[in-house]
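In: Here is my input, please return the structure:
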Amino acid sequence: MPRNKYPEETVQKILDAALKLFLEKGYEKTTILDIVENMGGLTRGAFYHHFKSKEEVLNAVTDRLFYEQNPFHDVAGMPNMTGLEKLKYSLKHQFHFENPEYQPLVVALMSLVEKNPQFIMHIFLENRKSVERYIQPLIEEGIADGSIRPNNAKLVGELMQLAGNIWMNPYLFPMTETEALEKLMLLKQILDGLGVPVFDEEVLSHFINADWDDFFEDPATEE
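Out: Sure, this is the predicted structure:
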């Protein structure tokens, strides 16, 4: 087979093949061989040159989805919105709930945290980057325009990320859908008290009406 001289094109082919298979077959049922067979003639060696495992591929696929459809980039071009309004918009669109076909990827990504401790560190590092690049600047913008009460924007951003991605991750803290809603309302109460009311009626409705069946425990099966 001819060797692909452009590494970025090779990675693109791997991620395209993986995304297609993850959505069609599901993450657990997709094998590395499946991905290789859908890489447009590239070899298994080409796969392992860039990725050590299927988990790394899922990680890269999810990162690509976020950065290609990054709501924080969208709000940068919305000058008529306050910092708080931009934060609400980003929160609503961050996890592709409006696009149900991506939900299996979200489930697979969240489930990795209980199987791979290294992935938890990856989440921490990515969350820290997200706070610095996106969330903290929006909080600071909201403080400047008066839509958010003056606070330490860095600390509030860290709190939002840790609560949203760690404390509310049902694979780290198993919970029913009812318990998840209680957590969401408690987080709303905390942020409201800090003067960062991101969970208004519209945002709450967006989260509550999402399809959560694959995420939470079935109360009928609890001991």
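
In: For Phe72, which non-adjacent residue is closest in space?
Out: In this structure, Phe72 finds its nearest non-sequential neighbour in Tyr134, 3.9 Å apart by Cβ to Cβ, 6 or more residues apart in numbering. Every C-beta, even on glycine, is put in place using the N, C-alpha and C of the backbone.

In: helix/strand/coil for that neighbour?
Out: helix (DSSP: H, G, I helix; E, B strand; the rest coil).

In: What's the local residue count around it?
Out: By the criterion of other Cβ atoms under 10 Å, Tyr134 has 22 neighbours.

In: and it, what pLDDT?
Out: You'll see Tyr134 listed with a pLDDT of 90.

In: And for Met110?
Out: In this model, Met110 is scored at 65, pLDDT.

In: what about stretch 188-207, distance to the chain center?
Out: When C-alpha coordinates are averaged (Cα atoms, centre = their mean, to the nearest Å), stretch 188-207 and its chain have centres 19 Å apart.

In: before we move on, what about stretch 130-141?
Out: For stretch 130-141, the separation from the chain centroid amounts to 16 Å (computed by Cα atoms, centre = their mean).

In: Now it: buried residues?
Out: Ser130, Val131, Tyr134, Ile135, Gln136, Pro137, Leu138, Ile139, Glu140, Glu141 (16 or more other Cβ atoms under 10 Å).

In: Then stretch 73-86?
Out: Using 16+ other Cβ under 10 Å as the test for burial, stretch 73-86 gives Val75, Met81, Thr82, Gly83, Leu84, Glu85, Lys86.

In: want to try CSV for the buried residues of stretch 130-141, with distance to Lys54 as columns?
Out: Shown next, in CSV, are the buried residues of stretch 130-141 (distance: Cβ to Cβ, whole Å):
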residue, distance to Lys54
Ser130, 24
Val131, 28
Tyr134, 28
Ile135, 30
Gln136, 33
Pro137, 34
Leu138, 34
Ile139, 36
Glu140, 39
Glu141, 39
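
In: Helices - which of those residues land there?
Out: Per DSSP state H, helices hold the following members of the buried residues of stretch 130-141: Ser130, Gln136, Pro137, Leu138, Ile139, Glu140, Glu141.

In: which of these lies closest to Leu162?
Out: For those, the residue nearest Leu162 by Cβ to Cβ is Ser130; the value is 11.3 Å.

In: Pretty sure Leu191 sits against Val198.
Out: Yes: with contact defined as Cβ atoms under 8 Å, Leu191 and Val198 form a contacting pair (6.0 Å).

In: Comparing those two, which shows the higher neighbour count?
Out: Between Leu191 and Val198, Val198 has the larger neighbour count (other Cβ under 10 Å), namely 23 against 18.
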